[in-house]
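*Asks:* Need coordinates for the below:
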Amino acid sequence: MIKKEKGFIMDQQDKKIREQLSKIKHKIMVMSGKGGVGKSTVAVNIAIGLSLQDFMVGLLDVDLHGPSIPKMLGARDLRLSRRPDGKMGAIKYSPNLKFLSIEPLLPSEDTAVIWRGPIKHSAIRQFIGDIYWGELDYLVIDAPPGTGDEPLTVAKTIPDAYALLVTTPQEVSLIDVKKSIRFCQKIKMRILGIVENMSGFICPHCGKPIDLFKKGGGQKLADELGLRFLGRIPIDPRVVDTGDAGKPVIAAYPESVTAKAFEELVRNIVAATEEMRRDVLEERFMRIAIPVATPPTKIETDPAKFDLFAIYDVENNKILVKDVVKKPENQDLLDFLKEQVATHIILFDPPRELADYLSGNEIRVLVTDTSQESPDSLVEEYLKEKEAATA
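*Replies:* Numbers count the residues shown, from 1 in each chain. Model (predicted):
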């Protein structure tokens, strides 16, 4: 039994959010560095494409000022469902797809949402914690462009979400998507990959591709930064028509070049999410946290003083990044570790209830019998032991 002392208290909304998210296998936030790159079009067609492959899918529109998902789905008249237990459920679009947007909750479709950051933060948390989503294979989150309140709230609320970055081949879009990459690195959000939208133009007369706005910039950027390139989607007049008509192109024109491009993108997303999941399960990717003293040259042994942490990103048994992060004073230890997307923690002789608490919440506890080694040495020693065990 964990004592309800400072550092172990979890408020009710956090508990509801965690319960909901535990039922969702993969969470993907679709982002862009700037507007006008077709991010929502990509999000909608991904969600439809996944649902057509018999995955259970949720589509969450967190663009509170310019929601477009209901229009693009042709579902502006649909409303939230009320469950037998009294809870409100996400809107059912098809047997395999649910969605939620601010628009159905507004008095009219042209109502302006004039909210500051804290209200937006609260609304998005309610979308995730208070609305029933059920068991999902994928939750696709359509975020507004840029790196403002909405994507930051999603990242903090769903720390194990992956980022899918949408760009166009143009230089100005590539410059802006780099800001999104820096945002993800800063908040420790793993990047699923890059999608190049508006990549070439499909002639409506002959059906052949024309490089109207260049081509290949997204793939070049992905190659330069060591990120996955998930696919390219051409410019197709039917994308605009189907979006306005509420019939996503992947379902409306399944034999078109554009629909086939979306299908390939969906296959690549499925493969990438499964690969990243295996990386964590098989410890090819780890994020190891160590409570440290001040200055951070030794491990902190007193749980009451777990205020500062050295955090290491490890991939294929190599340390890629090291950060030193201060835990907010009143934040629960587990919440802090989940926010940092920690997979492991190294502790010196931890109390049994603390070790059980963390282990029971999917944080692997590694126990060291020395408090004199540096945090760097402790991590390197663990990686050597792990490598020797698998040799």
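*Asks:* Quickly list the domain ranges of the chain.
*Replies:* 13-281, 283-390 (automatic domain parsing).
*Asks:* okay, how far is it across the last one, tip to tip?
*Replies:* End-to-end distance for domain 283-390: 12 Å, by C-alpha to C-alpha, to the nearest Å.
*Asks:* The stretch 1-150 of the chain: helices as residue ranges?
*Replies:* Ranges of helices in the stretch 1-150 of the chain, per DSSP state H, counting those that start in this stretch, are 12-21, 39-52, 69-73, 117-129, 149-157.
*Asks:* Can I get the second one in PDB, CA atoms only?
*Replies:* Below are the C-alpha coordinates for helix 39-52, written out as PDB (Å, rounded to 0.1, in the frame of the first residue of the first chain):
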ATOM      1  CA  LYS A  39      -2.400  18.100 -42.200                       C
ATOM      2  CA  SER A  40      -6.100  17.500 -41.500                       C
ATOM      3  CA  THR A  41      -6.500  15.800 -44.900                       C
ATOM      4  CA  VAL A  42      -3.700  13.500 -44.000                       C
ATOM      5  CA  ALA A  43      -5.100  12.800 -40.600                       C
ATOM      6  CA  VAL A  44      -8.600  12.000 -41.800                       C
ATOM      7  CA  ASN A  45      -7.400   9.700 -44.600                       C
ATOM      8  CA  ILE A  46      -5.000   7.900 -42.300                       C
ATOM      9  CA  ALA A  47      -7.900   7.300 -39.800                       C
ATOM     10  CA  ILE A  48     -10.200   6.100 -42.600                       C
ATOM     11  CA  GLY A  49      -7.400   3.900 -44.000                       C
ATOM     12  CA  LEU A  50      -6.600   2.300 -40.700                       C
ATOM     13  CA  SER A  51     -10.300   1.600 -40.000                       C
ATOM     14  CA  LEU A  52     -10.700   0.000 -43.500                       C
END
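*Asks:* Counting neighbours, which bits of it end up buried?
*Replies:* Buried residues in helix 39-52, counted by 16 or more other C-beta atoms under 10 Å: 39-52. For every residue, glycine as well, the C-beta is placed using N, CA and C.
*Asks:* and if you look at stretch 55-70?
*Replies:* Those would be 55-64, 67-70, for stretch 55-70 by 16+ other C-beta under 10 Å.
*Asks:* swap in stretch 278-294?
*Replies:* Residues of stretch 278-294 classed as buried by neighbour count (16+ other C-beta under 10 Å): Val280, Glu283, Phe285, Met286, Arg287, Ile288, Ala289, Ile290, Pro291, Val292, Ala293.
*Asks:* Stretch 328-335 too?
*Replies:* Residues Asp332, Leu333, Leu334, Asp335 are the ones in stretch 328-335 that count as buried (16+ other C-beta under 10 Å).
*Asks:* repeat for stretch 137-154
*Replies:* Neighbour-count burial for stretch 137-154, with 16+ other C-beta under 10 Å as criterion, is recorded at 137-147, 149-154.
*Asks:* Please state the offset of stretch 325-342 from the chain centre?
*Replies:* Taking C-alpha atoms, centre = their mean, to the nearest Å, one finds the center of stretch 325-342 at 18 Å from the center of the full chain.
*Asks:* Would you mind measuring the gap between the ends of it?
*Replies:* 12 Å.
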